[in-house]
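*Asks:* I'd like to go over a predicted model; first the sequence, then the structure.
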Amino acid sequence: MSAPLSADQLLTVLRAEGVHVVEHAGWRTHNRNHKGPWGPMHGITIHHTAGRSSLGLVYEGTADLPGPLCHTHLAKDGTATMISAGRANHAGTFAQNAYDAAVSESSTHPRPDSAEPVDGNSHFYGIEIENLGDGKDPYPAVQYEAAVRWAAAICRAHHWTADSVIGHKEGTRRKIDPSFDMGKFRRDVAARLKTQPAGSGSSSSAPPRPTVDLSKLIAAAKSNPPAKGTPVTYDGVKTVEDALVKEGLLARKYADGHYGTATKDAMSAWQERCGFHGRKPGQPADGIPGLITLTKLGKRRGFDVKE
């Protein structure tokens, strides 16, 4: 599970990435947490403001849509003003297929379905980039680069790839923002993630990498499938299930912390992908986690393994 970054963590990782950050008065406690859950986090949503001089608007909001309307406002000169460190009214509802693509870090982001059952405000960070959004108003290089660094900083902190970043227009059919090519933007974020942050010390304030206890995971893999209901016997199962979801081997609905048959089958598929098979010819891998394959999964998806 990916907990939201705290206000201090956000500041640290953004500044380490080279983003020029300023703090709006009251931003640390300015949120909509009383209206719904904030987290777990699954991605980032990019917006344009569709107007000018919008800093006050995104902080205060309107009578119909109270602020905050994003987590960060990005000015033309690349200044990133922090608006909120909690739930914000920026995403609204999202299509399930769009949400699933971000969660699984799919390289393909489909046209969003018309139905929108997902609460995007609960699971996505949002940035509002100052731009008219008419296709004529330019994004200065300093502003665009700051947006790339902003997204890369949060991806880096959560151990996400650039495919966790979507445009508002990719989460819902109701919106057209941002007015630039999101495919190119993700490629630029991916390139940024291959470099080192501009500053230092970001890792100390970023969320620590989770550690999965192999012996406890094995115990869950052996005891959970025959158990009644879906008991959670070890919380590290959820970390592994989230990784298997991102590998495209497990449906998101089964990432519930219960090492059931679906999780066991997904682990079996991962073991076979790593070159391991059953003891007899033609027999699939057993789906009971082992040190080599679990360590390889952890390296790819951001967790450590304890024997």
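*Replies:* Yep, that arrived. Nothing here was measured: the structure is a model prediction, and the numbers come from that model.

*Asks:* which strand or helix spans the spatially closest residue to E17 that is not a sequence neighbour?
*Replies:* Leaving aside its sequence neighbours, E17 sits nearest to A153 (Cβ to Cβ, 6 or more residues apart in numbering; 3.7 Å). C-beta: built from backbone N, CA, C; applies to glycine. With secondary structure defined by DSSP states H and E, A153 is part of helix 141-158.

*Asks:* which of the helices or strands spans S215?
*Replies:* helix 214-223.

*Asks:* could you say what helices and strands the helix holding A153 packs with?
*Replies:* helix 7-16, strand 43-48, strand 72-74, strand 79-82, strand 124-129, helix 182-193, helix 202-205 (3 or more Cβ pairs under 8 Å, 6 or more residues apart in numbering; DSSP states H and E).

*Asks:* can you name the element that comes right after it?
*Replies:* Next along from helix 141-158, by DSSP H and E: strand 165-167.

*Asks:* how about the helix holding A153: buried residues?
*Replies:* 143-158 (16 or more other Cβ atoms under 10 Å).

*Asks:* from those residues, which is closest to I176?
*Replies:* A147 (17.1 Å; Cβ to Cβ).

*Asks:* any idea how far that closest one lies from E17?
*Replies:* Applying Cβ to Cβ, to the nearest Å, the value for A147 to E17 is 11 Å.

*Asks:* now do L217
*Replies:* For L217, the distance to E17 equals 33 Å [Cβ to Cβ].

*Asks:* who has more neighbours, these two?
*Replies:* E17 (27 against 23; other Cβ atoms under 10 Å).

*Asks:* can you check the pLDDT for the more buried one?
*Replies:* pLDDT for E17: 95.

*Asks:* that one touches V148, doesn't it?
*Replies:* No - counting by Cβ atoms under 8 Å, E17 does not reach V148; the two are 9.2 Å apart.

*Asks:* give me the common contacts of these two.
*Replies:* Common contacts of E17 and V148, defined by Cβ atoms under 8 Å, 6 or more residues apart in numbering, comprise R192.

*Asks:* check contacts around Q271.
*Replies:* So Q271 contacts 277, 285-287, 290, 293 (Cβ under 8 Å, 6+ apart).

*Asks:* tell me the bridge partners for the residue most central in space within the chain.
*Replies:* Closest residue to the average C-alpha location of the chain: G43 at 2.6 Å, with Cα atoms, centre = their mean. As for beta bridges, G43 partners with F124 under DSSP bridges.

*Asks:* nearest residue to C274 other than its sequence neighbours?
*Replies:* Closest to C274 by Cβ to Cβ, 6+ apart is T293, at 4.7 Å.

*Asks:* pull up the gap between that neighbour and Y259, please.
*Replies:* On the measure of Cβ to Cβ, T293 and Y259 end up 15 Å apart.

*Asks:* for T79, same thing?
*Replies:* Note on T79: its distance to Y259, by Cβ to Cβ, is 47 Å.

*Asks:* likewise Y144?
*Replies:* 44 Å.

*Asks:* for A75, same thing?
*Replies:* Distance from A75 to Y259, by Cβ to Cβ: 48 Å.

*Asks:* who has more neighbours out of the two?
*Replies:* Y259 (32 against 20).

*Asks:* contacts only, for that one.
*Replies:* 217, 220-221, 224-225, 233-234, 237, 241.

*Asks:* buried subset of the residues you listed as a PyMOL selection?
*Replies:* Entered in PyMOL, the line below selects the buried ones among the contacts of Y259, by 16+ other Cβ under 10 Å:
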select buried, resi 217+220+221+224+234+237+241
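
*Asks:* need the contacts of Y259 in a markdown table (columns: pLDDT and distance to H30).
*Replies:* As requested, those are exported to a markdown table (pLDDT from 0 to 100; distance: Cβ to Cβ, whole Å):
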| residue | pLDDT | distance to H30 |
| --- | --- | --- |
| L217 | 97 | 40 |
| A220 | 96 | 40 |
| A221 | 96 | 44 |
| N224 | 95 | 41 |
| P225 | 93 | 46 |
| T233 | 92 | 39 |
| Y234 | 94 | 37 |
| V237 | 95 | 35 |
| E241 | 94 | 33 |
